[in-house]
Structures are given as C-alpha cells and as structure tokens.
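**Q** Below: sequence and its predicted model.
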Amino acid sequence: MRTIATIAELRAELDSERAAGRTVGFVPTMGYLHDGHASLMRAARADTDVVVASIFVNPLQFGVGEDLDAYPRDLARDTELAGAAGVDLLFTPSVDEMYPRPVLTTVSVAEVSEGLEGAARPTHFAGVATVVAKLFAIVGPCRAYFGAKDFQQIAVVRRMAHDLSFPVEVVACPTAREPDGLAMSSRNVYLTPAERAAAPVVHTALRSGAAAIAAGERDPAAVRDLMAQIITAEPLAELDYTAVVDADSFTVPDPLVGNLRLLAAVRFGRARLIDNVGVTV
C-alpha cells in the first residue's frame, strides 16, 4: 500500500490505472477505522482491481459545538488496518490540500436530506455532499462503498451522484455490528462502560419495530412509538428520534408499504449513535 497526500498525485495514479484497463474501488472515511470500514475495503478488494481509501476529517460536515476537534484520530493504526484490508492507495490529504481557499461552492440535496439527521444537524448533509462530490471528482470513475449504518447519508450521496452525473456507482454494504448488535462506529470510543452496556438497546428497538411490521402493524406512528418506548426505558439513553420511512424517498408511507427503513438516533453521554434496519412490506 502507498500513502498519497496530494490531489494531483492520486488523480494521475488512478488515471493511469484506468488507462491500463483496471477498475477502481473507493472507500471514503474520516479515519479512526474499525472492522466496519475494513468490511467496505474488503468488498472493494473483491469487486475491483485497484482499491483506494481516503482518510479526511471533513470540517464542513461538523456544526458549531460538534466534536470536530475531539474527533478520534490514529493515522498509524488506520494505515495498518487499511493495508491489512487490501487497500492499494491510501489518500490522506490535509485540510489545506482539500480546501486551499475558503469554500464558496457547496452541494445540497433537497428533500431526502431535510428530515431526521438533516433536521438534527442542519449543515451536516451539505458538508457531506460537498466533500463527497469533491472526492468523486478527484478519484474519477469508480465504485464507491458506504456502510448502511449511515443510511440517510447513502440516500443523499446516491441522489447527488445521479443528479450531477458522476461516473460513480454507489454501493451500500451491510452494517457491521458487535456481537451484541451495537453498530460499529468511530464514536463508540466515547461510551463509558455503563453506556456501552446500555447502547445495544438501539438495535433492540429497531428489531422490535421491524418485528411489529412483519406481524402486520401498518401504522407508522405505532411503530415509531414502540421503538421510542423501548429506548426511553433505558435510563442512560436520551432519544433524538425514531422513524420509519420509505427507503428511497424518506417520506412516511401511511399505511406502511414497500421498501421501508426504520431509523433511530440516541445519545449516551458524549456519544450520539445512529442505526437502522430494513423491512419490506
């Protein structure tokens, strides 16, 4: 594996690989890698000839008072994990490399970005869409791999890539979980032992909502309230939201029908955890 820090070098390297007939797989990350990231890299390794992963903590997607400065970082460990997962090129640009001048151009995706995470973090998805558009422009034609834990983010990125005609196939990979069901996340490091023990309640609530739908419940409010009740019964959990939406449009079908996604966001002390599961009616 080679580490590349400049846009020009990465672009030249990938253009050369494609000119030789090789396909490119891309895994964008903010670092502090875990096995969820590694699973994306392994999927790219299995599907494509050249695997590039990026590590960049993007300031545009952090709001005022969020954890930009405290966001966990460990480049030496990340480099080791990426190499073991089959990455060929590790792109590690500085903020100055990505944003050499103040950013006057931003990308926003209406509708799909406006509820849930978009409502809770109003500037977040514009920051995500802008940096991913920039990374897609740098990497060029590829398959890009994202984890399903950030399901609304995938919907935003997929719509952005389609609307702007990027030559990129956006691939959603299953959420990587701990043995007790907790979705893997770089922010899990913030959890105290007691909070870590309580955190699987989020996945439990989502599975209970999906089971209720499978058993015939078609009222979105009833499913949302069931999940909320399970989470709020945990004293260490502070509920942001529960929701059940159409997986593509993020509208709420009533009655529930089609390809659905159940989502939740919950705070445990310093950590704000998100998770989701899918169900089809």
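**A** Sure, I can see it.

**Q** all contacts plus neighbour counts: C-alpha atoms, from now on.
**A** Fine.

**Q** To what extent is the nearest residue to Arg270 once chain neighbours are set aside buried, counted in neighbours?
**A** Distance criterion C-alpha to C-alpha, 6 or more residues apart in numbering; nearest residue to Arg270, sequence neighbours excluded, is Tyr190 at 6.0 Å. When neighbours are counted by other C-alpha atoms under 10 Å, Tyr190 registers 16.

**Q** now do the one 4 residues further on
**A** In terms of burial, Ala194 registers 10 neighbours under the definition other C-alpha under 10 Å.

**Q** Would you state the predicted confidence (pLDDT) at the nearest residue to Asp180 once chain neighbours are set aside?
**A** Nearest residue to Asp180, sequence neighbours excluded (C-alpha to C-alpha, 6+ apart): Pro200, at 6.5 Å. Looking at Pro200, its pLDDT stands at 98.

**Q** doesn't Met184 make contact with Pro200?
**A** No. Pro200 lies out of contact with Met184 (C-alpha atoms under 8 Å); the separation is 10.9 Å.

**Q** Now do the longest helix anywhere in the chain: distance to the chain's middle.
**A** The single longest helix within the chain, with elements called by DSSP state H, is helix 124-139. In terms of C-alpha atoms, centre = their mean, to the nearest Å, the centre of helix 124-139 is found 13 Å from the chain centre.

**Q** what angle do the helix or strand hosting Met160 and helix 124-139 make?
**A** Using DSSP states H and E, the element containing Met160 is helix 151-163. For helix 151-163 against helix 124-139, the angle by axes from the mean of the first three to the mean of the last three C-alpha atoms, to 10 degrees is 50 degrees.

**Q** re earlier: so what does the residue nearest to Arg270 look like in phi/psi?
**A** phi -70, psi -20 (degrees, to the nearest 10).

**Q** ok, back up a step: CA atoms of the longest helix of the chain as PDB?
**A** Extracted C-alpha coordinates of helix 124-139, given in PDB (Å, rounded to 0.1, in the frame of the first residue of the first chain):
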ATOM      1  CA  HIS A 124     -24.300  18.300   8.100                       C
ATOM      2  CA  PHE A 125     -25.500  16.800   4.700                       C
ATOM      3  CA  ALA A 126     -24.400  19.900   2.700                       C
ATOM      4  CA  GLY A 127     -20.900  19.300   4.200                       C
ATOM      5  CA  VAL A 128     -21.100  15.600   3.400                       C
ATOM      6  CA  ALA A 129     -22.400  16.100  -0.200                       C
ATOM      7  CA  THR A 130     -19.800  18.800  -0.900                       C
ATOM      8  CA  VAL A 131     -16.800  16.700   0.200                       C
ATOM      9  CA  VAL A 132     -18.100  13.500  -1.400                       C
ATOM     10  CA  ALA A 133     -18.600  15.400  -4.700                       C
ATOM     11  CA  LYS A 134     -15.100  16.700  -4.400                       C
ATOM     12  CA  LEU A 135     -13.700  13.200  -3.700                       C
ATOM     13  CA  PHE A 136     -15.700  11.700  -6.600                       C
ATOM     14  CA  ALA A 137     -14.200  14.400  -8.900                       C
ATOM     15  CA  ILE A 138     -10.700  13.600  -7.600                       C
ATOM     16  CA  VAL A 139     -11.000   9.800  -7.800                       C
END
